[in-house]
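Colleague: Below: sequence and its predicted model.
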Amino acid sequence: SLEARGHECRMTGCDLLLTARLYRIGTWQILAGPDGFVLLFHTGSRAVTRPVRVPGSWKNLIVRMLFFGGDVLARAGGKLGAGQRTRLVSRGLELRGNVELVERDIFQSEPKWTNRFDVVRVANLLNRSYFPEGALRIGLKHAGSWIRPGGLLVVVRTNSDGVNNATIFRRGNTSFTVLSRLGAGSEVEAL
């Protein structure tokens, strides 16, 4: 939309992993990171993602055990050179000349990115069901440091029903202020 209105845009897209290994066992497929950590199982008819730890849930325990076993298999397969290297990025995005794609961990400091961006959007990552409060604070601190003063931080989570809840913050010299909310706002807004 910005480009259509004549604004030049450059974007840096980042994620923890941009490549993975795909293993096939019959109709099952296992997608694992380079470290052998299983990201996703596909049973042939349904995708299963790594569950969030739910104390006392037997179904959750069984799925977590399946992922643990998958982790062991993927590590062994990786050492044997098995599996197919797979990009986790759409080809259309990779072909855009104004988009840089990098692997980056939001929980690790990146001094080269301090005050680098006008807008930082963190989507479906900084969620209380994924990380404890201490980790969330670190992720928010790092993402916030990447924004120039006056820039925007957008923190959003898409719920299972497809509803987006987001908060848009403006960075001042020493703090952030809430500019707007979408839906219920970000669940980590208070942090």
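Modeller: Everything's here; your move.

Colleague: Now do the SS call for the residue nearest the centre of the chain.
Modeller: Nearest residue to the geometric centre of the chain (C-alpha atoms, centre = their mean): residue 125, 4.9 Å. Following DSSP: H, G, I helix; E, B strand; the rest coil, the label given to residue 125 is coil.

Colleague: That one contacts residue 139, correct?
Modeller: Yes. The pair residue 125 and residue 139 qualifies as a contact (C-beta atoms under 8 Å) at a distance of 7.2 Å. Bear in mind the C-beta positions are built from the backbone N, C-alpha and C, glycine included.

Colleague: intersection of neighbour lists for these two?
Modeller: Shared contacts of residue 125 and residue 139 (C-beta atoms under 8 Å, 6 or more residues apart in numbering): residue 106.

Colleague: How about the contacts made by the residue nearest to the centre of the chain?
Modeller: Contact analysis of residue 125 by C-beta under 8 Å, 6+ apart lists 106, 139.

Colleague: how about it, phi and psi?
Modeller: The phi and psi torsions at residue 125 (degrees, to the nearest 10) take the values phi -130, psi -60.

Colleague: So, low pLDDT: which residues of this structure?
Modeller: Applying pLDDT under 70 to the chain flags the ranges 50-63, 67, 69-72, 75-76, 78-81.
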